[in-house]
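Q: Kindly return the folded structure for what I paste below:
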Amino acid sequence: MATLNTVTSSTRPASPTAGEAYFETDTNKIIVWNGTTWTEIVSDGTLGSYSNAYSVSFDGSNDYVDTGTNFQSTFQSDFTISTWFKDEATSGTKGFFGLRANTAPLNDVIAYTDGSTITLWIRYNGGRKFQSFSHTRDSNWHHLVLKLNQNGSNIEMRGYLDGVLKLSTSLAQTMSSWVNTGTFAIGARAYDTHGPDIYFQGKQDEFAIFGSALSDGGVSVGQTAGGDIAALRDTTGSNPVPADISSLSPVTWYRMGDNDGGTGTTITDQGSGSNDGTLTNSPTFSSSVPS
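A: This is a model prediction of the structure:
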């Protein structure tokens, strides 16, 4: 394969020709001019079939991704939610994702940060369980996972940050009871009876929901997960980055612009559920991604 000419982010050609491509040495990206703007591809130096060039940036005021669905059938049995995030807030409670009920039966799935902790919150048929673990805002990219599974008469909840199991708890309820008439939000907490709140400030990338409780190798709290949880992160480089998760069969997979050219207001669902997301109140695409 021919070698790409090298540039840096500050020395990109001022008047490129459509189709010109370069390797950007300071960002480790391949950049291609499409005639209007640069398309950026995160790279290890070679161009592969999987790349991550975009995330979605939230302003912390009123914008979010409307998924258009409550994921009711998914949340009624074992599932896993995964997202990469860059928290850029300096204060306040900010929601990674969620849906909360104000009308019976009361059922919630929510995750948020307040700057010193991350809290995972579930409610099934009015029975609630929420638990937090320490995390300090640092404006770096991190990876968050919430996993639920039915074990006898209990719902088991596990939370992972950057591949490490941070919490494990249970709720004496049945997952099949989950019903909510609202629509699930990313970058905020949605409700069944009114608009969202606790809007996220920062970026999220590679958001996915799986219709199973992904395996973690049977680890205990404080240990680094193995199995499918480990497979969500590519750790072959100097920093962990999102992995190609297609083999894990996500129900919903929002690549946050990579399959939509980083333009428009639609996030095309790359999972099996065909639940396209809608950028609401003008969140924007960003070229800042885990790298």
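Q: Show the low-confidence segments of the stretch 151-291 of the chain, by residue range.
A: Along the stretch 151-291 of the chain, no part satisfies pLDDT under 70.
Q: got the residue ranges for the strands in it?
A: For the stretch 151-291 of the chain, applying DSSP state E, counting those that start in this stretch gives strands covering 154-161, 164-171, 185-186, 190-191, 201-210, 233-234, 241-242, 252-254, 266-267, 277-280, 284-286.
Q: ranking those strands by burial, who's on top?
A: Between those, strand 185-186 has the highest mean count of neighbours, a mean of 28, where neighbours are mean count of other C-beta atoms under 10 Å. Quick note: C-beta positions are derived from backbone N, CA and C, even for glycine.
Q: strand partners of it, parallel vs antiparallel please.
A: strand 64-66 (antiparallel), strand 94-100 (antiparallel) (DSSP bridges).
Q: ok, and for the first one, which residues are buried?
A: In this case it means strand 64-66. For strand 64-66, the neighbour count (16 or more other C-beta atoms under 10 Å) marks 64, 65, 66 as buried.
Q: between those, which is closest to residue 113?
A: Residue 113 has its nearest neighbour among the buried residues of strand 64-66 in residue 64, at 15.2 Å by C-beta to C-beta.
Q: Can you name the residues that contact the closest one?
A: Contacts for residue 64 (C-beta atoms under 8 Å, 6 or more residues apart in numbering) come out as 58, 185, 186, 187, 188, 190, 196, 199, 200, 280, 281, 283.
Q: Please apply the same query to residue 186.
A: For residue 186, the contacting residues are 56, 64, 65, 67, 83, 96, 97, 204, 207, 254, 277, by C-beta under 8 Å, 6+ apart.
Q: swap the cut-off to 6 Å and go again
A: For residue 186, the contacting residues are 65, 97, 207, by C-beta atoms under 6 Å, 6 or more residues apart in numbering.
Q: Out of the strands paired with strand 185-186, flag the one nearest residue 236.
A: Checking the strands paired with strand 185-186 against residue 236 by C-beta to C-beta gives strand 94-100 as the closest, at 26.1 Å.
Q: chain center to the closest one: distance?
A: Relative to the centre of its chain, strand 94-100 is centred 12 Å away, using C-alpha atoms, centre = their mean, to the nearest Å.
Q: which element follows that strand toward the C-terminus?
A: Beyond strand 94-100 in the direction of the C-terminus, DSSP states H and E gives the next helix or strand as strand 108-113.
Q: Now tell me what touches that following strand from outside.
A: 75, 87, 93-100, 119-123, 146, 189, 198.
Q: How about stretch 151-158?
A: Counting by C-beta under 6 Å, 6+ apart, residues outside stretch 151-158 touching it are 122, 147, 148, 149, 168, 169, 170, 171, 172, 173, 175.
Q: Among those, list the two that are farthest apart in space.
A: With C-beta to C-beta as the measure, no two of these lie farther apart than 147 and 172, at 18.0 Å.
Q: circling back: would you list the strands paired with strand 185-186 in CSV and tack on mean pLDDT?
A: Below are the strands paired with strand 185-186 laid out as CSV (pLDDT from 0 to 100):
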stretch, mean pLDDT
strand 64-66, 98
strand 94-100, 98
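Q: Of the ones you listed, which is nearest residue 141?
A: Of all these, strand 94-100 sits nearest to residue 141, with 13.3 Å by C-beta to C-beta.
Q: now the angle from that closest one to strand 201-210?
A: Counting by axes from the mean of the first three to the mean of the last three C-alpha atoms, to 10 degrees, strand 94-100 lies at 40 degrees to strand 201-210.
Q: As CSV, could you dump the C-alpha coordinates of strand 94-100?
A: Only the C-alpha atoms of strand 94-100 are listed here, as CSV (Å, rounded to 0.1, in the frame of the first residue of the first chain):
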residue,chain,number,x,y,z
LYS,A,94,-25.2,15.4,34.8
GLY,A,95,-27.1,12.4,33.2
PHE,A,96,-25.3,9.9,31.0
PHE,A,97,-28.6,8.3,30.0
GLY,A,98,-31.9,7.3,31.4
LEU,A,99,-35.6,7.1,31.6
ARG,A,100,-37.7,7.6,34.8
